[in-house]
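S.K.: The following comprises the amino acid sequence and a computationally predicted model.
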Amino acid sequence: MSPTASDNMKSNLGEAGSHLRQAAGHAGEAIKGAASAAGDEMRLGKAQMKSELADSALSGIAALEQAGAASREQMDALMDKGRDLIDSASELIRERPLASFGIAFATGWIIAKLARSGSK
C-alpha cells in the first residue's frame, strides 16, 4: 500500500517539527554564546573602568600633593614681600624719623575719629 496524502502531510509536518526543534536548539546556543560573550565584555569593561578610576585617584592624590607645595611656594613669596615692605618702612623711618612720626600720629588720629563716628 502506498502512502496517502495524509501520511505524506504528517511525515512532512513531523520533519518540519524536527527542524524547528533543531533551529530552536541552535538559537538557544547562539543566545547562550552571545550572553557569554556579553558577560566577558562586561567583565573586561568593568576591569578597565576600575583601572581608570584607580589611575584617576592616583592623579588626584598627586595633584593634591602638588597643591600643597604650590601653596607653600606662594606663602614663601608673600612672606618675602612682607619682609621687603617692613624693611622699606624701617629704612624710611630711619631716614626721616620726624615725618614718620607725624604720619603715624595723623593715621592714628584719623582711625580714632572714624572709630568714634562709626560707634554713634
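M.R.: Everything's here; your move.
S.K.: what bits of this protein have low per-residue confidence?
M.R.: By pLDDT under 70, the weakly predicted segments of the chain are 118-120.
S.K.: Let me see the ranges of the helices in it.
M.R.: Secondary structure of the chain, counting by DSSP state H: helices at 5-95, 97-118.
S.K.: any chance of the ones you listed in CSV, plus mean neighbour count?
M.R.: Quick note: C-beta positions are derived from backbone N, CA and C, even for glycine. Below are the helices of the chain laid out as CSV (neighbours: other C-beta atoms under 10 Å):
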stretch, mean neighbour count
helix 5-95, 10
helix 97-118, 10
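S.K.: Restricting to C-alpha, output stretch 85-94 in CSV.
M.R.: In CSV, the C-alpha atoms belonging to stretch 85-94 read as follows (Å, rounded to 0.1, in the frame of the first residue of the first chain):
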residue,chain,number,x,y,z
LEU,A,85,57.8,96.0,52.9
ILE,A,86,58.8,96.1,56.5
ASP,A,87,62.5,96.7,55.6
SER,A,88,61.4,99.6,53.3
ALA,A,89,59.3,101.1,56.1
SER,A,90,62.1,100.8,58.7
GLU,A,91,64.5,102.4,56.2
LEU,A,92,62.1,105.2,55.7
ILE,A,93,61.7,105.7,59.4
ARG,A,94,65.5,105.8,59.9
